[in-house]
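Visitor: Provided below for reference: sequence and predicted model.
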Amino acid sequence: MPHRRTARLAKWQIWLLSLSGLGLWLSGSAWLLLHFYGQKQGEFGPEMNPVEPWMMKMHGLFLIPALLGIGGMFVAHIPKGWDHVHQRVAGIALCALLGWLIVSGYMLYYVGDESVRPWASLAHWSLGLGLPAVFAWHYINGLRARRRGRAR
């Protein structure tokens, strides 16, 4: 159960978000490496690596639990965490980044305009690579605040 009186996430939520986030980051990074450096030379020129579509399928598979975990944060973590002023900037940055990744991921699949696709792709993978840094900022900031609270 989520902690309804505090902003702390339940252990299962931490595991759900950590494992799905790690899976998303690794599958997205692997796709990026294969897409730019893993092409094979074919009969008519460079061809897509056959593993590349599988990385996209894995990315989509990890997205499902990640979205469930992100949605679960709206129950208690975000509303209760709003009172923690020292965490607000990092939390807003993390929410904005996650929101942009969701929107740009949607654009990559469902916006058919080929002039938008390269920009959405560049924004999606470049910000996605930086997500662990923003998450670490939010997490470490929360640990420090908890220690300061115990010291009082």
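Guide: Received, thanks. The structure presented is a predicted model; accordingly, all values stated were derived computationally and were not measured.

Visitor: buried sites along the helix or strand of the chain with the lowest mean pLDDT?
Guide: Taking mean pLDDT, DSSP states H and E as the measure, the chain has strand 40-42 as its least confident helix or strand, at a mean of 87. By neighbour count with 16 or more other C-beta atoms under 10 Å, strand 40-42 contains no buried residues. Glycine gets a C-beta too; all of them are placed from N, C-alpha and C.

Visitor: and that strand, what does it pack against?
Guide: Counting contacts by 3 or more C-beta pairs under 8 Å, 6 or more residues apart in numbering; DSSP states H and E, strand 40-42 packs against strand 45-47.

Visitor: ok, and what's touching the strand it packs on?
Guide: Where contact means C-beta atoms under 8 Å, 6 or more residues apart in numbering, the residues beyond strand 45-47 that reach it are 39, 40, 41.

Visitor: export the residues you listed to a markdown table and tack on distance to residue 29?
Guide: Formatted as a markdown table, these follow (distance: C-beta to C-beta, whole Å):
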| residue | distance to residue 29 |
| --- | --- |
| 39 | 17 |
| 40 | 20 |
| 41 | 24 |
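
Visitor: tell me the one of these nearest residue 84?
Guide: residue 39 (47.0 Å; C-beta to C-beta).

Visitor: report pLDDT for the closest one.
Guide: For residue 39, the pLDDT comes out at 91.

Visitor: how about residue 142?
Guide: pLDDT, the model's per-residue confidence, is 88 for residue 142.

Visitor: quick check: it is in a helix.
Guide: Yes: judged by DSSP: H, G, I helix; E, B strand; the rest coil, residue 142 forms part of a helix.

Visitor: now it. Nearest residue, chain neighbours left out?
Guide: Take residue 142 and drop its neighbours on the chain: the residue closest to it by C-beta to C-beta, 6 or more residues apart in numbering is residue 87, 5.8 Å away.

Visitor: re earlier: the least confident helix or strand of the chain pairs with which strands, parallel or anti?
Guide: strand 45-47 (antiparallel) (DSSP bridges).

Visitor: next SSE after the partner strand?
Guide: Per DSSP states H and E, the first helix or strand lying C-terminal to strand 45-47 is helix 52-72.

Visitor: the helices in this structure, which residues?
Guide: Under the criterion DSSP state H, the chain contains helices at 11-37, 52-72, 77-81, 85-110, 117-151.
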